[in-house]
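K.L.:
next come a sequence and a model predicted from it.
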Amino acid sequence: MQRKRQALLLLLALALLAGVFALYTRPDFLLQLSNQIWACF
(Lines give C-alpha, C1' and ligand atoms only; values in the text may rest on other atoms or scores of the structure.)
Protein backbone atom coordinates (compact mmCIF):
# COMPACT_ATOMS: atom_id res chain seq x y z
CA MET A 1 0.00 0.00 0.00
CA GLN A 2 2.85 2.38 0.85
CA ARG A 3 4.48 1.73 -2.54
CA LYS A 4 1.29 2.64 -4.39
CA ARG A 5 1.04 5.88 -2.47
CA GLN A 6 4.63 6.80 -3.28
CA ALA A 7 4.07 5.99 -6.94
CA LEU A 8 0.93 8.14 -7.00
CA LEU A 9 2.71 11.07 -5.35
CA LEU A 10 5.59 10.76 -7.81
CA LEU A 11 3.16 10.70 -10.73
CA LEU A 12 1.36 13.79 -9.43
CA ALA A 13 4.65 15.64 -8.94
CA LEU A 14 5.78 14.78 -12.46
CA ALA A 15 2.44 15.91 -13.89
CA LEU A 16 2.73 19.21 -12.03
CA LEU A 17 6.26 19.76 -13.30
CA ALA A 18 5.20 18.94 -16.86
CA GLY A 19 2.34 21.44 -16.57
CA VAL A 20 4.65 24.18 -15.34
CA PHE A 21 7.10 23.44 -18.15
CA ALA A 22 4.28 23.60 -20.69
CA LEU A 23 3.30 27.05 -19.40
CA TYR A 24 6.90 28.28 -19.68
CA THR A 25 6.85 27.47 -23.39
CA ARG A 26 4.11 30.09 -23.83
CA PRO A 27 5.67 33.52 -23.15
CA ASP A 28 2.40 35.34 -23.82
CA PHE A 29 0.79 33.53 -20.90
CA LEU A 30 3.69 34.40 -18.60
CA LEU A 31 3.53 38.05 -19.61
CA GLN A 32 -0.21 38.17 -18.92
CA LEU A 33 0.27 36.43 -15.57
CA SER A 34 3.04 38.83 -14.52
CA ASN A 35 0.88 41.81 -15.50
CA GLN A 36 -2.00 40.50 -13.40
CA ILE A 37 0.27 39.97 -10.40
CA TRP A 38 1.80 43.43 -10.82
CA ALA A 39 -1.69 44.97 -10.95
CA CYS A 40 -2.28 43.80 -7.39
CA PHE A 41 0.35 46.26 -6.15
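P.N.:
Happy to help now that I have it. Residues are numbered from 1 along each chain as shown.

K.L.:
only C-alpha atoms for contact and neighbour calcs from this point on.
P.N.:
Fine.

K.L.:
where's the residue nearest the centre of the chain, which helix or strand?
P.N.:
With distances taken as C-alpha atoms, centre = their mean, residue 20 lies nearest the centre of the chain, 3.2 Å away. In this structure, residue 20 is located in helix 2-24 according to DSSP states H and E.

K.L.:
outside of that helix itself, list whatever touches it.
P.N.:
Contacts of helix 2-24 from elsewhere in the structure, counted by C-alpha atoms under 8 Å, 6 or more residues apart in numbering, are 29-30.

K.L.:
next helix or strand past it?
P.N.:
helix 27-39.

K.L.:
so what's the residue count around residue 23?
P.N.:
Residues near residue 23, counting by other C-alpha atoms under 10 Å, number 13.

K.L.:
from residue 38, how far out is it?
P.N.:
For residue 23, the distance to residue 38 equals 19 Å [C-alpha to C-alpha, to the nearest Å].

K.L.:
any idea how far residue 5 is from the residue nearest to the centre of the chain?
P.N.:
Residue 20 is 23 Å from residue 5, by C-alpha to C-alpha.

K.L.:
same thing with residue 12?
P.N.:
For residue 12 relative to residue 5 (C-alpha to C-alpha), the value is 11 Å.

K.L.:
what's the answer for residue 39, then?
P.N.:
The value you get for residue 39 to residue 5, if C-alpha to C-alpha is used, is 40 Å.

K.L.:
and residue 9, how many residues sit next to it?
P.N.:
Neighbours around residue 9, by other C-alpha under 10 Å: 12.

K.L.:
typed the wrong thing, it's residue 40
P.N.:
Other residues close to residue 40 by other C-alpha under 10 Å number 6.
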